[in-house]
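Trainee: fold the stuff below for me.
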Amino acid sequence: MEPSWPAEMPMLRRLPWWLLAACLLALLAWVGTQRWLGPRVAAYRVQQRALLQDVVATGRVITPSRVNVASEITGTVVQRLVERGDRVRPGQLLLRLRNDQADAQLAQARAALQQLLQQTRPQALAALRSADSALTLARAQARRAREQAPSGALSQQALEQAEQAEQAAVEQQRAARAAWQAARPGGSLQRQLEAAQGAASAVSRRADIRAGVAGEVLTRNVEVGDTVTPGQVLFTLARAGDTEVSLPVDEQNLQYLALGQPARCITDAYPARQFAARLVFIAPSVDTSSGTIELRLRVDHPPSWLRQDMTTSCDVTTASRAHALVVPDDALRAQQGDRAQVLLLRGGRAVEQAVRLGLRGLVASQVVRGLRAGDVVLADPSVRAGQRVRAKLQPLPASGASSAAP
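Mentor: Residues are numbered from 1 along each chain as shown. Below you'll find the model as predicted:
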């Protein structure tokens with residue numbers, strides 16, 4: 001009885017049975033060969049290339065210091081002259097307060113000094129001159145009385161009266177001279193009034209809130225019409241100077257870090273823009289609560305779009321090799337310190353090979369012993385030593401030349 005063929009396979013019904021049997025045998029042979037050769041798995045060809053070792057961390061843009069501007073007196077804001085983001089110079093007027101009491105005290109001190117110059121001093125000088133004249137006259141009269149008294153031309157009572165008049169003129173002249181010494185130019189009264197005017201002027205000047213340093217206005221906490229009190233922070237200024245990035249990194253990275261190392265940074269706000277920095281400070285102690293140590297990176301040429309407190313990711317280059325034998329990290333197994341295992345493809349089988357590492361990173365590491373350029377290493381974690389496999393070569397990661405220290 002002949003076999004029943006499907007109606008849609010007319011060509012197969014016309015083929016001779018021996019040809020069909022040959023095709024089936026060929027198919028079975030191909031399947032067997034594929035199974036014997038093993039599966040295709042991800043693999044890399046070890047190559048020499050440039051390699052950078054980086055410490056990668058995220059921090060924030062900072063300034064060398066921040067300055068809080070506060071009021072020393074109580075007053076009402078009558079004028080505000082700066083906004084956030086404005087750059088100010090030392091002594092620049094930021095805010096003006098109304099302080100009627102201080103203004104009144106200053107006006108009173110000025111009036112008192114003016115009265116000294118225009119009235120008290122001329123009067124004191126005139127009084128001194130009058131006292132000098134009176135003393136001269138009293139002395140002359142007392143001298144005549146003493147000359148006439150012995151001859152009886154003048155009574156004893158008249159002599160006594162003349163001498164008393166002379167003594168009174170002396171006292172009056174002393175008082176007038178003392179008053180003049182106080183009122184004269186440079187005298188104690190002038191110094192006192194000038195000091196009072198200076199104190200009143202200083203209090204009045206406190207109504208003008210000025211910048212003590214050059215910098216940028218980060219915050220303002222007051223509006224026209226507000227009443228401020230002593231010590232209240234009105235503005236926060238970022239002191240002018242070098243822009244820096246504060247970067248907390250794991251203390252395990254400390255062995256790789258050194259002052260002067262270059263860095264590449266990007267911000268969350270502008271991920272496509274990069275700027276350069278360099279390591280200028282390593283904190284002398286570790287934060288025990290987080291196990292991190294603070295780094296400071298200085299930005300010598302900050303871009304115009306860089307802002308205070310921006311979140312910034314930085315790669316600090318801690319070492320580099322111009323020609324390193326590089327293997328991707330996903331091909332490394334049983335890694336302990338600078339030692340690891342890889343699976344090499346040799347004779348169609350996975351062969352375990354011990355290697356020693358140099359520069360290491362997140363995506364690629366340098367192999368200093370155990371591999372040669374051109375070796376093929378397997379990256380499939382399911383492959384076991386001795387297993388037959390075939391390599392499906394992958395390109396080395398594009399970021400393999402930029403890695404992070406563990």
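
Trainee: pretty sure Ile293 is touching Val286, no?
Mentor: Yes - if you go by Cβ atoms under 8 Å, Ile293 and Val286 touch, sitting 5.0 Å apart. C-betas here are computed from N, CA, C, even on glycine.

Trainee: any common contacting residues for the two?
Mentor: Glu251 (Cβ atoms under 8 Å, 6 or more residues apart in numbering).

Trainee: more neighbours, the two?
Mentor: Set Ile293 next to Val286 and count neighbours by other Cβ atoms under 10 Å: Ile293 wins out with 20 against 14.

Trainee: next, the buried residues of the helix or strand hosting that one.
Mentor: Using DSSP states H and E, Ile293 maps to strand 292-299. Using 16 or more other Cβ atoms under 10 Å as the test for burial, strand 292-299 gives Thr292, Ile293, Glu294, Leu295, Arg296, Leu297, Arg298, Val299.

Trainee: can you list those in a markdown table and add pLDDT and distance to Glu163?
Mentor: A markdown table is the format used below for the buried residues of strand 292-299 (pLDDT from 0 to 100; distance: Cβ to Cβ, whole Å):
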| residue | pLDDT | distance to Glu163 |
| --- | --- | --- |
| Thr292 | 93 | 96 |
| Ile293 | 94 | 94 |
| Glu294 | 94 | 90 |
| Leu295 | 95 | 94 |
| Arg296 | 94 | 89 |
| Leu297 | 95 | 93 |
| Arg298 | 93 | 89 |
| Val299 | 92 | 91 |
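
Trainee: before we move on, back to that, please state the offset of the strand holding Ile293 from the chain centre?
Mentor: Relative to its chain's centre, strand 292-299 lies at 10 Å (Cα atoms, centre = their mean, to the nearest Å).

Trainee: next structured bit after that strand?
Mentor: In N-to-C order, the element after strand 292-299 by DSSP H and E is strand 311-328.

Trainee: list the buried residues in that following strand.
Mentor: 312-319, 321, 324-328.

Trainee: any stretches of the stretch 101-250 of the chain with poor pLDDT?
Mentor: Low-confidence segments of the stretch 101-250 of the chain, defined by pLDDT under 70: 101-103.

Trainee: which residues in it form helices?
Mentor: Ranges of helices in the stretch 101-250 of the chain, per DSSP state H, counting those that start in this stretch, are 121-148, 156-183, 188-205.

Trainee: with adjacent residues omitted, what lies nearest to Gly386?
Mentor: Once flanking residues are discounted, Gly386 sits nearest to Arg349: 6.0 Å by Cβ to Cβ, 6 or more residues apart in numbering.

Trainee: phi first, then psi, for the one you found.
Mentor: When read as degrees, to the nearest 10, the backbone of Arg349 gives phi -120, psi 160.

Trainee: nearest to Arg66, out of the helices of the stretch 101-250 of the chain?
Mentor: Arg66 lies closest to helix 188-205 among those, at 24.5 Å (Cβ to Cβ).

Trainee: show me what that closest one is packed against.
Mentor: helix 100-115, helix 156-183 (3 or more Cβ pairs under 8 Å, 6 or more residues apart in numbering; DSSP states H and E).

Trainee: list the contacts of Val316.
Mentor: Asp54, Val55, Val56, Ala57, Leu247, Leu257, Gln261, Pro262, Ala263, Leu279, Leu295, Leu297.

Trainee: output the contacting helices and strands for the strand holding Ile293.
Mentor: Strand 292-299 packs on strand 47-62, strand 243-250, strand 262-267, strand 274-282, strand 311-328, going by 3+ Cβ pairs under 8 Å, 6+ apart.

Trainee: export the buried residues of strand 292-299 as a markdown table, with columns for distance to Arg96.
Mentor: Formatted as a markdown table, the buried residues of strand 292-299 follow (distance: Cβ to Cβ, whole Å):
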| residue | distance to Arg96 |
| --- | --- |
| Thr292 | 45 |
| Ile293 | 46 |
| Glu294 | 40 |
| Leu295 | 42 |
| Arg296 | 37 |
| Leu297 | 40 |
| Arg298 | 37 |
| Val299 | 35 |
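
Trainee: how's the chain carved up into domains?
Mentor: 40-55+321-404, 56-63+242-317, 66-97+208-239, 101-204 (automatic domain parsing).

Trainee: starting at the chain centroid, how far to the last one?
Mentor: Think domain 101-204. 65 Å.

Trainee: what about the closest residue to Leu154 other than its chain neighbours, how many neighbours?
Mentor: Computed as Cβ to Cβ, 6+ apart, the closest residue to Leu154 that is not its neighbour in sequence is Gln148, at 3.9 Å. Neighbourhood size, Gln148 [other Cβ under 10 Å]: 15.

Trainee: over to Glu166?
Mentor: 20.

Trainee: ditto for Ala179
Mentor: 20.

Trainee: does it touch Leu125 like I think?
Mentor: No - judged on Cβ under 8 Å, Ala179 makes no contact with Leu125 at a distance of 9.3 Å.

Trainee: residues in contact with Gln308?
Mentor: Val61, Ile62, Thr63, Glu216, Leu218, Ala238.

Trainee: with adjacent residues omitted, what lies nearest to Pro138?
Mentor: Quick fix: residue 138 reads Ala, not Pro. In space, and not counting its chain neighbours, Ala138 is closest to Ala169: 3.7 Å by Cβ to Cβ, 6+ apart.

Trainee: that neighbour: what's it in contact with?
Mentor: With Cβ under 8 Å, 6+ apart, Ala169 has these contacts: Ala131, Ala134, Leu135, Leu137, Ala138, Arg139.

Trainee: looking at the helices and strands packed on helix 188-205, spot the one closest to Arg205.
Mentor: Here helix 100-115 is closest among the helices and strands packed on helix 188-205 (Cβ to Cβ), at 8.7 Å.
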